[in-house]
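> heads up, no residue letters with this:
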């Protein structure tokens, strides 16, 4: 058995845990910014290909208390690096330190690299490592004097699905968009509307969820080049993901924006994953959008008004949003914004408010629950 860590943006740990539970994992350990779970080498492809809301999947090499550089060196050296890193492995060490006696990140990185080199020398009997082979990104993370040593199996962050080759001015990360949808009461039977869709991230993530399309199906991962994670494990995981895809369901997903270039980008992005027939993107001010009172769901990331001079315009926009959905009273509305006056401007207190981060911006996720739709809707 091996230990894996799914890292998460602050506030999304419970969503990542639910995803892992749905994938069949048990005995999950949830901490700030991460969920630890057990598996085998086959679970490296499975977790990377399927997780929608996690940032990365890390292989946990070890965890121990380290109060001195000598202790850090010896305990790092004792870990089984040679079981994973190849003789030509291109390994680099990254680090972070919070509330720890060993606070110099650069010194910690240097000590860990030295320890790994010493361990690999005992296996490969060489004095110099060419580092021309697969990439192994090692991280030493110190928190309150406890060092956690990991290797990144993902490579690029898991939000890089591969469909968004063109993005707008203020894109939302794919992982956060997926989390917003999973935290809502939307399902593939219901209408979904994003009135500020930009380059289409929320509608595209919804279409992928509706079709049970694995988010990592079309991309590469660092661990694909590791000999220990066999090529057939990746092939099997991808074949299984294709088998589980729902190609029959008819989705009702709408995205609008007043910016023409954004809508053109959104259509291109959807087409990159063959989702152009599942989402209707249109150029329109949301105030003019023709919506029926049909138990729909709004999930959106509107402008926040972070720039000087935008405040009055954004306040009017939030008031008009509240007016629009006051009339459409069977709809459920989910809005993420950094504007702390949102509820007052929208004209209604949210049923639930959740603190999250959109990149480095602290935001709240306002959740307004509409009535439960009749069974035939």
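Thanks, I have it. Predicted model only: the values in this text are computed from it and were never measured. Numbering: from 1, shown residues only.

> Residue 368 contacts residue 350, doesn't it?
Yes: contact criterion Cβ atoms under 8 Å: residue 368 and residue 350 qualify, at 5.7 Å. No exception for glycine: its C-beta is placed from N, CA and C like everyone else's.

> Check which helices and strands the longest helix along the chain is in contact with.
Looking across the chain with DSSP state H, the single longest helix is helix 105-124. Packed against helix 105-124, as judged by 3 or more Cβ pairs under 8 Å, 6 or more residues apart in numbering; DSSP states H and E, are the following elements: helix 69-77, strand 90-98, strand 135-143.

> Export the ones you listed as JSON lines, with columns for distance to residue 178.
Output for the helices and strands packed on helix 105-124, formatted as JSON lines (distance: least, Cβ to Cβ, whole Å):
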{"stretch": "helix 69-77", "distance to residue 178": "35"}
{"stretch": "strand 90-98", "distance to residue 178": "25"}
{"stretch": "strand 135-143", "distance to residue 178": "24"}
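
> and among these, the most buried is which?
strand 135-143 (a mean of 21; mean count of other Cβ atoms under 10 Å).

> ok and that strand relative to helix 69-77, angle-wise?
140 degrees (axes from the mean of the first three to the mean of the last three Cα atoms, to 10 degrees).

> pLDDT (mean, whole number) over strand 135-143?
The average of the pLDDT scores along strand 135-143 is 98.

> ok, now stretch 341-354?
In this model, stretch 341-354 has a mean pLDDT of 97.

> in the longest helix of the chain, what counts as buried?
Judged by neighbour count using 16 or more other Cβ atoms under 10 Å, the buried positions of helix 105-124 are 105, 108, 109, 111, 112, 113, 114, 115, 116, 119, 120.

> Check the gap between residue 184 and residue 93 for me.
40 Å (Cβ to Cβ, to the nearest Å).

> Please disregard the earlier target; I meant residue 298.
For residue 298, the distance to residue 93 - Cβ to Cβ - is 45 Å.

> pLDDT of stretch 284-303, averaged?
The model assigns stretch 284-303 a mean pLDDT of 94.

> can you check stretch 147-162 too?
So the average pLDDT for stretch 147-162 ends up being 97.

> quick one: that stretch to chain centroid distance?
Relative to its chain's centre, stretch 147-162 lies at 11 Å (Cα atoms, centre = their mean, to the nearest Å).

> And the longest helix of the chain, how far out from the chain middle?
Relative to its chain's centre, helix 105-124 lies at 31 Å (Cα atoms, centre = their mean).

> Stretch 196-204 now?
When C-alpha coordinates are averaged (Cα atoms, centre = their mean), stretch 196-204 and its chain have centres 15 Å apart.

> Could you do stretch 291-305 as well?
Worked out by Cα atoms, centre = their mean, stretch 291-305 lies 22 Å from the chain centre.

> gap between the two ends of that stretch?
Using Cα to Cα, to the nearest Å, the end-to-end distance of stretch 291-305 comes out at 26 Å.

> quick one: buried residues of it?
Of the residues in stretch 291-305, 291, 295, 296, 297, 298, 299, 300, 301, 302, 303, 304, 305 count as buried by neighbour count, 16+ other Cβ under 10 Å.

> just checking, residue 225 touches residue 134?
Yes: under the criterion of Cβ under 8 Å, residue 225 makes contact with residue 134 at 3.8 Å.

> For the stretch 151-300 of the chain, which segments count as helices?
Using DSSP state H, counting those that start in this stretch, the helices assigned to the stretch 151-300 of the chain run over residues 174-182, 201-210, 231-244, 260-272.

> Now mean neighbour count and mean pLDDT too, for those, in a markdown table please.
Compiled in a markdown table, the helices of the stretch 151-300 of the chain are given as follows (neighbours: other Cβ atoms under 10 Å; pLDDT from 0 to 100):
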| stretch | mean neighbour count | mean pLDDT |
| --- | --- | --- |
| helix 174-182 | 25 | 98 |
| helix 201-210 | 26 | 98 |
| helix 231-244 | 14 | 98 |
| helix 260-272 | 19 | 95 |
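
> will you turn these into JSON lines that also has distance to residue 61?
Converted to JSON lines, the helices of the stretch 151-300 of the chain look like this (distance: least, Cβ to Cβ, whole Å):
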{"stretch": "helix 174-182", "distance to residue 61": "24"}
{"stretch": "helix 201-210", "distance to residue 61": "32"}
{"stretch": "helix 231-244", "distance to residue 61": "20"}
{"stretch": "helix 260-272", "distance to residue 61": "36"}
